[in-house]
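**Student:** sequence isn't available, so here's the structure alone:
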Ligand SMILES: O=c1ccn([C@H]2C[C@H](O)[C@@H](CO)O2)c(=O)[nH]1
Ligand SMILES: [Zn+2]
């Protein structure tokens, strides 16, 4: 899903204030929850959906896709990123993660944090409960002292 655009004034506000307007978070959560319905998770039975907002206002979604070879599972966050990057997007404002968990804000796994930091530490990560309430942190707070592409440019 990439056709629906978020207006540019809302994107500017997100960049300035470090948060999105509530109606935008609600829309992104709706997309993440819808993507969750496609979760292929017969092993964990833990459904996850993600929506990813590009800096140009497009929305990409993803779900977790598991595998009989358990280690081959792909998280919802990485599915959304791979869909967006493979369509030519490399700058992102926010990711919203939706699960069925009612009493905790589920946060991205370590593998996804590393995967996402490749595309920027300022990413807003919205962790939600099943009812859509959220907690938000920047990726650099979830993954401090990260190793990223800039480190490969350092003299050695
Ligand atoms: O933030 C998360 C946490 C877990 N999972 C998936 C991976 C696996 O399919 C299942 C249980 O770990 O949930 C995600 O997609 N995103
Ligand atoms: Zn993950």
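**Tutor:** That came through, no problem. Because the structure is predicted, anything quoted here is derived from the model rather than measured. Residues are numbered from 1 along each chain as shown. Ligands and ions are numbered 1, 2, ... in the order given.
**Student:** surely residue 96 and residue 60 touch.
**Tutor:** No - using C-beta atoms under 8 Å, residue 96 is not in contact with residue 60, being 11.2 Å away. Every residue, glycine included, has its C-beta placed from N, CA and C.
**Student:** buried set for the worst-scoring helix or strand of the chain on mean pLDDT?
**Tutor:** Ranked by mean pLDDT, DSSP states H and E, the helix or strand of the chain with the weakest confidence is helix 8-17, at a mean of 75. For helix 8-17, a neighbour-count test (16 or more other C-beta atoms under 10 Å) marks 10-11, 14 as buried.
**Student:** Serialize these to CSV and add fields for distance to ligand 1.
**Tutor:** Formatted as CSV, the buried residues of helix 8-17 follow (distance: C-beta to the nearest ligand atom, whole Å):
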residue, distance to ligand 1
10, 25
11, 24
14, 21
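**Student:** how about the residues of this protein near ligand 1?
**Tutor:** With C-beta under 6 Å from any ligand atom as the criterion, the chain meets ligand 1 at residues 41, 44, 46, 48, 64, 66, 73, 75-77, 97, 106, 108-109.
**Student:** repeat the analysis, applying 8 Å as the threshold.
**Tutor:** The chain has residues 39, 41, 43-44, 46-48, 50, 63-66, 73-79, 97, 99, 106-109, 112 near ligand 1, with proximity defined as C-beta under 8 Å from any ligand atom.
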